[in-house]
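K.L.:
Generate a structure from the sequence data that follows.
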Amino acid sequence: MFKQLKERFGSGMALGILALIAVWLLVLVILPQFLMVDYSFRPNLLPREIGGPKDTYSLTNYETLFGNQIHLAIFAKTIWSSVLVTLLTLVVSYPLAFFLAKVATPRQAALCILLLIIPFWINEILRTFSWYIILAYKGPLNAMLLALGFIDRPIRFLSGDSGVMIGMVYAYILFMIFPIYNAIESLDVNQIKAARSLGAGWIRTHYRIIIPHSKPGIATGCIMTFMLAAGSYAVPALLGSPGSRWFTQIIYNWFFEGGDWNQGAAYAFLLLIICIGFIGLVMKVFKVGLGDIAR
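P.N.:
Numbering: from 1, shown residues only. Purely as a prediction, here's the structure:
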């Protein structure tokens, strides 16, 4: 990296850029994670007891999760739901990314990308509130379905996880579309034409040509979407019902309502471990490395 930066910007600028990256990683990424891990192994003590005989390392905070069946069930549901959100987002994003990369004209692609980006100029909470209005029992979606005759009575979209799923797919769709779009765009269109000329249908062409080429983009999109979904707080808090709590809401309660930062840190660290494991699983399934994902 230093050699490439040196050739482009010179030695002084290259050192400055690397120093800023190092400071950013150390202060905003590494140190907070180390502090979280340290907090997670310590008990929640009064200020005067910190550093005393009670301030010892243990696994008590982690045992709390596995001894609380409600929190454990919410943890498992959050992971499973995040996987479903990732799959749903992939199903929605892949055709759109292919259309933008290989079917649409430059003008059409620019217009579609602009239409996708404009809503994200608004704060995430406001966008989530808009879905709360759309999915309400007497909201415009139910009114339209009733008017068209698709349903006989309004549907309670916000009574379970369906509202959360819809909100998350919408909230994180760009993080899936753009990596796949970048991967498909680099594919030589002559390979697609050759496959079609040799008699391959569209399904076989995607399965044998396009999807293998776009694996790094798909892997990147899945990783980003899963991590954002698993760590989301605003969407499940606004669109979820009391019976569809997310694990991040439990972590928030430990930190800011219960005042137990040590217990909250343990829960947050377990969620981080699962996310890291998901990254490794995706890399193994798609047979890609960190270099492929970082491109």
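K.L.:
Tell me how many other residues crowd Arg127.
P.N.:
As a burial measure, Arg127 scores 19 neighbours (other Cβ atoms under 10 Å). Where C-beta positions appear, they are placed from N, C-alpha and C, glycine not excepted.
K.L.:
Could you tell me how far the helix or strand encompassing it lies from the centre of the chain?
P.N.:
Taking DSSP states H and E as the definition, one finds Arg127 inside helix 124-134. Using Cα atoms, centre = their mean, to the nearest Å, we find the averaged C-alpha position of helix 124-134 to lie 18 Å away from the chain's own average C-alpha position.
K.L.:
packing partners for that helix?
P.N.:
With contacts defined as 3 or more Cβ pairs under 8 Å, 6 or more residues apart in numbering; DSSP states H and E, helix 124-134 has these neighbours: helix 140-148, helix 162-185, helix 234-239.
K.L.:
After the last one, which helix or strand is next?
P.N.:
So that's helix 234-239. Downstream of helix 234-239 (by DSSP H and E), the next one is helix 247-252.
K.L.:
Just the CA trace of that following helix, in PDB.
P.N.:
Listed in PDB are the C-alpha atoms of helix 247-252, where the atom choice follows Å, rounded to 0.1, in the frame of the first residue of the first chain:
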ATOM      1  CA  PHE A 247     -31.100  -8.400  20.600                       C
ATOM      2  CA  THR A 248     -29.700  -4.900  20.200                       C
ATOM      3  CA  GLN A 249     -32.700  -3.700  22.200                       C
ATOM      4  CA  ILE A 250     -31.600  -5.900  25.100                       C
ATOM      5  CA  ILE A 251     -28.100  -4.500  24.800                       C
ATOM      6  CA  TYR A 252     -29.400  -1.000  24.800                       C
END
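K.L.:
List the buried residues in whichever helix or strand comes after that helix.
P.N.:
Scanning forward in sequence from helix 247-252 by DSSP H and E, the next helix or strand is helix 261-286. Neighbour-count burial for helix 261-286, counted by 16 or more other Cβ atoms under 10 Å, picks out 261-272, 274-275, 278-279, 282-283, 286.
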